[in-house]
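Asks: sequence and computational prediction follow.
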Amino acid sequence: MAQSTTGLRMSAGVAAAAVALGVVQLTAAFFSPAADARTAVGTAVINMTPGPVKEWAIQTFGTADKLFLSVSVIAVIGVLAAVAAIWERSRIPAGTLAFVAAAVAGCAAVLAVPGARGVDIIPTLLGAVCGIAVLRFLTGRITASEATETTEDADVDPGRRLSLLTLGIGGLGLLSGVAGAVTSRRLHSVSGDRESFAVPSAPPPSPIPADVTPQGVQLPSFITPNKEFYRIDTALSVPQLARADFRLRIHGMVDREVNYTFDDLAKFAPITKTVTLTCVSNPVGGNLISNATWTGYRVADLLRDSGIHPDADMVLSTSIDGFTAGTPVEALTDARESMLAIGMNGVPLPVEHGYPARLVVPGLYGYVSATKWVVDLELTRFDRAQAYWTKLGWSERGPIKTESRIDVPRDGQKVAKGPVTFGGVAWAQNRGVKGVEVRIDDGPWQPAQLGAAYSKDAWRLWSFPWTATQGGFHTVTARATDNTGAVQTEDQAPPAPDGATGWPTVSFEVA
Ligand SMILES: Nc1nc2c(c(=O)[nH]1)N[C@H]1C(S)=C(S)[C@@H](COP(=O)(O)O)O[C@H]1N2
Ligand SMILES: [Mo]
């Protein structure tokens, strides 16, 4: 019989954990977002995960990395609770102690959230108390059933009754968790705030000519629709920062500290620019790259009144959730017109892309420049401050490398004999793409046809008409040249520490 009660005890642990998490989630809805221990713990896990593992998660799961993390965290908690519950006895309450330890960890994670206050641990404490109560109640009943079992008087199987009770309690925990998540989304969401915001009209950008897109091949659209724009960040739940609560503090190595409210920004002249963002984690051939038309203000204008000290060489930007990026002062103030963006493709920034404001710096990978939900710009020096990814071993400087990608054909695609058009994209932000060359098998490099160059900060679409004559397997390879004359390097490098390199190659079969 010992075996079956072990199973029961494990289920009791899982049910107790479900109740604990459910109570936390439900009560946290009525506190500040920091009180959400599930998110706080997940964020702590992200922060403590070694760099290479994070990199692997981004590479493997891309935009779904957070779902993977949430599921893993919940699975780990469930397994720990199940195992701990096996050892819960009245003399040595190991399960209870495990719950207490989890509560301590949860409180620590909550208090580590930027802006958290002492009261924000109340939901975690409540959850722990309820979880422990359920654990003791259920394990107590299980122990009692073991004792009565020998009498064999039961007309109803006590194990079955206990299983149903456990299932019911666990289900209640799950329900309150879902209710809590839904409620907190309702209470904290800024989507209404966002919808009521009219992006200021800036001088319109020059219209995008039809010939930015090569004919005869299905390529990504020149402007990426907001919904398809890649998303990478460390935020487990998307920060909800209303315009009324937004402050941008400029401080550090400046003569005058400045604090802007969102409304203060309106005194600056808005601009519109089309800029391609790229993630340093993008492998050769990857899709962590997208192009949008941004509306916002020149960072140079925002910095102008603060009196930057001449020896400051870095702006450490911080988001409301504590992410940081270190950007050269020069990149933020030179002619490339780096922006504090508030609009994306004609609408307010989507919440997951940084509403109400983010940085957009042409020519630098996102990890050193593109801070979303940005609230703080500190003028400092590269030899004094380190940003989030730099602490994890990534390069402190992150200029985007001259790269290209083959979109057509897909790897392994079958191509019919006769004429076919291949194609892809190429980018070298802040320099511009001058040319793309293509090679079939080990043949000579041949110039691709280029879509019109719209701006040096936007990617360029390219196509390559070709006639397939020889059956069998072939490869196609591409390389870009930027406006400085630099040719995309053949040397293969992984994304860490400063961006992947190598020529993209795709295999296809002529049938
Ligand atoms: N607040 C915050 N901003 C951030 C990040 C982050 O983790 N948190 N990630 C950066 C990275 S690594 C990239 S590549 C870009 C991606 O911007 P997107 O999600 O709008 O495409 O955001 C940058 N800004
Ligand atoms: Mo990134």
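Replies: Done, it's in. Ligands and ions are numbered 1, 2, ... in the order given.

Asks: let's see the distance spanning stretch 482-493 from one end to the other.
Replies: Using Cα to Cα, to the nearest Å, the end-to-end distance of stretch 482-493 comes to 19 Å.

Asks: what residues sit buried inside that stretch?
Replies: Residues 482, 488 are the ones in stretch 482-493 that count as buried (16 or more other Cβ atoms under 10 Å). (C-beta placed from N, C-alpha, C; glycine too.)

Asks: stretch 299-317 too?
Replies: Quick answer for stretch 299-317 (16+ other Cβ under 10 Å): 299-303, 306, 308, 312-317.

Asks: kindly check the end-to-end length of that stretch for me.
Replies: End-to-end distance for stretch 299-317, by Cα to Cα: 12 Å.

Asks: tally of neighbours for the residue lying closest to residue 324 once chain neighbours are set aside?
Replies: Using Cβ to Cβ, 6 or more residues apart in numbering and skipping the chain neighbours, the partner closest in space to residue 324 is residue 387 (4.4 Å). Look at residue 387: counted by other Cβ atoms under 10 Å, it has 24 neighbours.

Asks: show me what contacts residue 5?
Replies: 142, 145-146, 159 (Cβ atoms under 8 Å, 6 or more residues apart in numbering).

Asks: mind redoing it with 6 Å?
Replies: For residue 5, the contact set (Cβ atoms under 6 Å, 6 or more residues apart in numbering) comprises 142, 146.

Asks: same deal with the one 10 residues further on?
Replies: Applying Cβ under 6 Å, 6+ apart, one finds that residue 15 lies in contact with 166, 169-170.

Asks: between those residues, which is closest to ligand 2?
Replies: Ranked by distance to ligand 2 (Cβ to the ion), the contacts of residue 15 are led by residue 170 at 38.4 Å.

Asks: you'd agree that closest one is in a strand?
Replies: No - under DSSP: H, G, I helix; E, B strand; the rest coil, residue 170 falls outside any strand and is assigned helix.

Asks: which among the buried residues of stretch 299-317 gets closest to ligand 2?
Replies: Of all those, ligand 2 sits closest to residue 317, with 14.0 Å by Cβ to the ion.

Asks: need the pLDDT of that closest one.
Replies: pLDDT, residue 317: 98.

Asks: my guess is it contacts residue 377, does it?
Replies: Yes - with contact defined as Cβ atoms under 6 Å, residue 317 reaches residue 377; the gap is 5.4 Å.

Asks: what about the residue nearest to residue 324, distance to ligand 2?
Replies: Computed as Cβ to the ion, to the nearest Å, the residue 387 to ligand 2 distance reads 12 Å.

Asks: next: residue 491.
Replies: 21 Å.

Asks: let me see the contact set for that residue.
Replies: By Cβ under 6 Å, 6+ apart, residue 491 lies in contact with residue 501.

Asks: what's the closest non-adjacent residue to the residue sitting nearest the centre point of the chain?
Replies: What sits nearest the mean C-alpha location of the chain, by Cα atoms, centre = their mean, is residue 233, with 2.4 Å. Nearest residue to residue 233, sequence neighbours excluded (Cβ to Cβ, 6+ apart): residue 372, at 6.2 Å.

Asks: look up the pLDDT of the one you found for me, please.
Replies: 98.

Asks: my guess is it contacts residue 358. True?
Replies: Yes - with contact defined as Cβ under 6 Å, residue 372 and residue 358 form a contacting pair (4.2 Å).

Asks: neighbour count for the two, which is higher?
Replies: residue 372 (30 against 24).

Asks: phi and psi next, for the more buried one.
Replies: Backbone torsions of residue 372, given as degrees, to the nearest 10, read phi -90, psi 160.

Asks: how close does it get to residue 346?
Replies: For residue 372, the distance to residue 346 equals 19 Å [Cβ to Cβ, to the nearest Å].

Asks: what residues does the chain put near ligand 2?
Replies: Proximity of the chain to ligand 2, by Cβ under 5 Å from the ion, involves residues 232, 279, 366-367.

Asks: let's see 8 Å
Replies: 58, 232, 278-282, 288, 365-367, 370, 389 (Cβ under 8 Å from the ion).

Asks: just put the residues you listed in a markdown table and tack on secondary structure and neighbour count.
Replies: Formatted as a markdown table, the residues of the chain next to ligand 2 follow (DSSP: H, G, I helix; E, B strand; the rest coil; neighbours: other Cβ atoms under 10 Å):
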| residue | secondary structure | neighbour count |
| --- | --- | --- |
| 58 | helix | 20 |
| 232 | coil | 18 |
| 278 | strand | 25 |
| 279 | coil | 23 |
| 280 | coil | 25 |
| 281 | coil | 25 |
| 282 | coil | 24 |
| 288 | coil | 21 |
| 365 | coil | 28 |
| 366 | helix | 27 |
| 367 | helix | 26 |
| 370 | coil | 26 |
| 389 | helix | 27 |
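
Asks: who's in contact with the residue in the chain positioned nearest to ligand 1?
Replies: Closest residue of the chain to ligand 1, Cβ to the nearest ligand atom: residue 366 (2.4 Å). By Cβ under 6 Å, 6+ apart, the contact set of residue 366 is 277, 279.

Asks: so what pLDDT did it get?
Replies: 98.

Asks: and for residue 154?
Replies: 52.

Asks: distance of residue 485 from ligand 2?
Replies: Residue 485 is 27 Å from ligand 2, by Cβ to the ion.

Asks: correction: residue 8
Replies: Plainly put, residue 8 is 47 Å away from ligand 2 if you go by Cβ to the ion.

Asks: show the backbone phi and psi for residue 327.
Replies: Per degrees, to the nearest 10, the backbone of residue 327 is at phi -120, psi 140.

Asks: cool, residue 14 as well?
Replies: Taking degrees, to the nearest 10, you get phi -60, psi -40 for the backbone angles of residue 14.

Asks: residues near it, how many?
Replies: 21.

Asks: what is the helix or strand containing residue 182 packed up against?
Replies: Per DSSP states H and E: residue 182 is located in helix 158-188. Under the contact criterion of 3 or more Cβ pairs under 6 Å, 6 or more residues apart in numbering; DSSP states H and E, helix 158-188 touches helix 2-28, helix 122-149.

Asks: export the buried residues of stretch 299-317 to a markdown table and tack on secondary structure?
Replies: A markdown table is the format used below for the buried residues of stretch 299-317 (three-state DSSP):
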| residue | secondary structure |
| --- | --- |
| 299 | helix |
| 300 | helix |
| 301 | helix |
| 302 | helix |
| 303 | helix |
| 306 | coil |
| 308 | strand |
| 312 | coil |
| 313 | coil |
| 314 | strand |
| 315 | strand |
| 316 | strand |
| 317 | strand |
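
Asks: can I get the residues you listed in TSV with distance to residue 10?
Replies: TSV is the format used below for the buried residues of stretch 299-317 (distance: Cβ to Cβ, whole Å):
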residue	distance to residue 10
299	55
300	60
301	61
302	56
303	58
306	59
308	60
312	57
313	57
314	52
315	52
316	47
317	47
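
Asks: re the thing from before, closest one of the residues of the chain next to ligand 2 to residue 138?
Replies: Ranked by distance to residue 138 (Cβ to Cβ), the residues of the chain next to ligand 2 are led by residue 58 at 39.7 Å.
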